[in-house]
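One predicted model, sequence on top.
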Amino acid sequence: MYRFDDEKEQAPARSERFYEVNGEWFFAVRKGPDRGPFASKEAAHAALRTYIVEQLAEEKHRRPGGRRFSLRSLI
């Protein structure tokens, strides 16, 4: 019999943006593979900021007239 409480005993799902595996940090994005490993959570945060800036720059060049778009589509 399945119970919602049973999920708490299983390995946690990676629903968080940042997660740690064997002492290494990663971050998840909606498009493409997860990024990492990074030595610390802070380094992963910094890499995510860089990733977002790069994605914004790429998107600006791809869209005619620099139309606005949702950041959620990137991360």
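Okay, I see it. Residues are numbered from 1 along each chain as shown.

C-alpha from now on. contacts and neighbour counts both.
OK.

quick one, what contacts the residue lying closest to W25 once chain neighbours are set aside?
Nearest non-adjacent residue to W25, counting by C-alpha to C-alpha, 6 or more residues apart in numbering: F38, 4.8 Å away. By C-alpha atoms under 8 Å, 6 or more residues apart in numbering, the contact set of F38 is E24, W25, F26, A44.

Could you list the residues in contact with stretch 24-34?
Applying C-alpha under 8 Å, 6+ apart, the set of residues contacting stretch 24-34 is 16-20, 35-41, 44, 48, 73-75.

Is E58 within a helix or a strand, and which one?
Secondary-structure element containing E58, defined by DSSP states H and E: helix 41-62.

Which strands or helices does that helix pack on?
Contacts defined by 3 or more C-alpha pairs under 8 Å, 6 or more residues apart in numbering; DSSP states H and E place helix 41-62 against strand 24-27, strand 35-38.

Just name the most buried of these.
strand 24-27 (a mean of 20; mean count of other C-alpha atoms under 10 Å).

Please export the C-alpha coordinates of it as CSV.
What follows is strand 24-27 as a C-alpha-only set of coordinates in CSV (Å, rounded to 0.1, in the frame of the first residue of the first chain):
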residue,chain,number,x,y,z
GLU,A,24,30.5,18.3,-5.0
TRP,A,25,27.8,20.9,-5.8
PHE,A,26,25.6,21.1,-8.9
PHE,A,27,22.8,23.2,-10.1
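
Give the residue spans of this structure that score low on pLDDT.
For the chain, the stretches flagged by pLDDT under 70 are 1-15, 64-75.

Just say helix, strand or coil for K31.
With DSSP: H, G, I helix; E, B strand; the rest coil as the basis, K31 sits in coil.

Distance check, it against A39.
Distance from K31 to A39, counting by C-alpha to C-alpha, to the nearest Å: 23 Å.

Turn the contacts of F38 into JSON lines, including distance to E58.
Below are the contacts of F38 laid out as JSON lines (distance: C-alpha to C-alpha, whole Å):
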{"residue": "E24", "distance to E58": "28"}
{"residue": "W25", "distance to E58": "25"}
{"residue": "F26", "distance to E58": "22"}
{"residue": "A44", "distance to E58": "21"}
